[in-house]
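>>> Test case, fold it:
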Amino acid sequence: MQSTRRFKDRVFLVIKGLAMGAANKVPGVSGGVVAFVAGFYEEFIYSLQRVNKTAFKLLFNRRFKSFYQYINGKFLGLLFLGMIVSYFSVSKILDYLIVNYELYVWSGFFGMILGSIYYISKDFKAWNGKTIIALILGAALGISISFLDPAKENDNLWFVFFCGIISVSGMTLPGFSGSFILILLGNYVLLLVDSVNALYDTISDMLTGNFEFIKNEARMRMLKVLSIFTLGSVTGLVTFSHVLNYILKHYKNITLATIVGFIIGSLGVVWPWKETIYKTNSDGSFILDSTGKQVIENYERFLPEFTSETYIAIAYIALGILIVLGLEWYGQRTRQIKA
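Residues are numbered from 1 along each chain as shown. Sure, this is the predicted structure:
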C-alpha cells in the first residue's frame with residue numbers, strides 16, 4: 001500500500017512538471033500559477049533555494065547522495081523530468097491546438113487564470129492601504145506589458161542568456177508569464193520553437209546514426225543558443241528562488257497583492273476574442289520569421305457576438321475554472337494526507 005502511494009506521488013509529480021512546462025510555453029500563462037494552485041509552490045521554492053554554496057560543496061566533494069538529499073533531489077528531479085518531456089510532447093500538442101482551435105484554447109486558459117485569481121485571493125485577509133496600492137500597481141504593470149509591441153529577434157548570446165533568466169521567472173513568480181515576456185523581447189520563436197526543434201532533430205539524427213548535423217552551421221548555432229538559454233534559465237531559477245524567498249518572508253502580503261494585481265492586469269493577454277495583427281513590410285507583404293511564419297505585431301481585442309461558437313468558448317472558460325478548482329482540491333487533499 002505504501003509503495004503504491006509512493007509510486008502515485010511520483011507519477012503526479014511528473015504530471016505537475018508536464019503542466020508547469022506546458023504553462024510556461026503558453027504566452028500569458030505562468031507555470032508558477034500551476035505550482036501555487038496545486039499546492040507545491042512553497043516546496044518548489046524551498047528546494048530551489050537549497051541549490052546554494054553548501055550544495056555545491058557537497059557536489060565538488062563527490063558526496064552525491066548527500067547532495068541529492070540536501071536539494072530535495074527526488075522532488076526536483078521528477079518535476080523537471082515532466083517539464084523536459086512537456087517541451088517535446090505536451091507543448092507540441094498545445095502548438096497544434098492553438099493553430100487549429102485558437103479561440104477555445106485561449107478560453108480555457110482565460111478560465112484557468114480567473115480560477116487562479118480566485119484561489120490566490122480567497123484567503124487573503126490583509127487588505128489595507130499598502131496592499132491595495134500594490135494591487136493597483138501590479139494590475140497597471142500587467143496591463144502595460146499586455147499592450148507593448150514585440151521587439152525584433154536577437155540571437156546575441158548575452159541577450160539569449162538574459163532571456164533565459166527572464167523566461168524562467170514564470171516558474172517562480174505566479175502570474176508572471178515568461179513566454180509572453182519572450183514575445184516582447186522578440187525571441188519567443190527562436191528560443192521556444194526553433195532551438196527546441198533543432199535539439200529534437202539532432203536527437204533524431206543521432207538515434208539513426210546520422211552525424212551530418214555537425215557540418216550544419218545553422219543547426220550548431222541553434223544548439224549553442226539553446227545551451228546558453230538553458231544556462232540562463234538555471235541561473236534565473238536559483239537566483240529568483242532566493243530573492244523571492246526573501247521578499248515573501250519580509251513582504252508577503254504586499255507581494256501577494258502585487259501578484260494578484262499582475263494576474264488581473266495580464267488577463268488582456270489571454271482574452272480569447274482577439275484578432276492577430278501581423279507585421280508587414282513597406283510594400284504590404286508579411287514579415288516572416290526564420291521558420292516561415294508571419295511575425296505577430298500585436299492583437300486587436302473585441303467583444304464577441306453571441307453565436308454558438310461564443311457559447312462553446314464560454315463553456316471552455318468554465319472548464320478552465322473547474323480545472324483550477326480541481327487542482328486546488330487535489331492540493332488540499334495532498335497536504336491533509338501529509339499532515
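
>>> Would you map the strands across the stretch 151-300 of the chain?
Taking DSSP state E, counting those that start in this stretch, the strands of the stretch 151-300 of the chain run over residues 274-278, 296-301.

>>> for the first one, which positions count as buried?
Of the residues in strand 274-278, Lys274 count as buried by neighbour count, 16 or more other CB atoms under 10 Å. For glycine as for every other residue, the C-beta is placed from the backbone atoms N, C-alpha and C.

>>> What helices and strands are in contact with it?
strand 296-301 (3 or more CB pairs under 8 Å, 6 or more residues apart in numbering; DSSP states H and E).

>>> mean pLDDT lowest for which of the strands of the stretch 151-300 of the chain?
Mean pLDDT is lowest for strand 296-301 out of those, coming in at a mean of 71.

>>> returning to that earlier point: can you say which of the strands of the stretch 151-300 of the chain is nearest to Ser177?
strand 296-301 (14.2 Å; CB to CB).

>>> Beyond that closest one, next helix or strand please.
Downstream of strand 296-301, the first helix or strand assigned by DSSP states H and E is helix 308-338.

>>> now that following helix: mean pLDDT?
Here helix 308-338 scores 81 as its mean pLDDT.

>>> Quick one: neighbours of Asp155, just the number.
The local packing of Asp155 (other CB atoms under 10 Å) involves 18 other residues.

>>> so who does the closest residue in space to it that isn't next to it in sequence touch?
Distances taken as CB to CB, 6 or more residues apart in numbering put Val225 closest to Asp155, at 5.7 Å, once the chain neighbours are dropped. The neighbours of Val225, taking CB atoms under 8 Å, 6 or more residues apart in numbering as the test, are 155, 157, 160, 190-191, 195.

>>> By neighbours, which of those wins?
For these, neighbours tallied by other CB under 10 Å; top is Leu191, 26 neighbours.

>>> Show the model's pLDDT score for that one.
Value for Leu191, per-residue pLDDT: 82.

>>> Could you measure from it over to Lys57?
32 Å (CB to CB, to the nearest Å).

>>> what does Glu43 give?
Counting by CB to CB, the gap from Glu43 to Lys57 is 23 Å.

>>> and if you look at Phe240?
Taken as CB to CB, the span from Phe240 to Lys57 is 22 Å.

>>> more neighbours, those two?
Under the neighbour definition other CB under 10 Å, Phe240 and Lys57 were set side by side, and Phe240 has more, 23 against 13.

>>> Might you report the residue contacts of that one?
Contacts of Phe240 (CB under 8 Å, 6+ apart): 168-169, 172-173.

>>> Show me the helices in the stretch 101-250 of the chain, by range?
Ranges of helices in the stretch 101-250 of the chain, per DSSP state H, counting those that start in this stretch, are 102-122, 129-146, 157-167, 169-172, 178-185, 188-189, 195-207, 217-265.

>>> how about those helices, which one is nearest Gly326?
Nearest of the helices of the stretch 101-250 of the chain to Gly326, taken as CB to CB: helix 102-122 at 9.3 Å.

>>> Any chance of the contacts of Val225 in CSV with distance to Leu325 as columns?
Below are the contacts of Val225 laid out as CSV (distance: CB to CB, whole Å):
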residue, distance to Leu325
Asp155, 42
Leu157, 43
Val160, 38
Leu190, 36
Leu191, 33
Ser195, 36
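
>>> For Lys122, state which of those is nearest.
Distance ranking of the contacts of Val225 against Lys122, using CB to CB, places Leu191 first at 35.1 Å.

>>> Arg62: neighbouring residues, count only.
Using other CB under 10 Å, Arg62 has 9 other residues around it.
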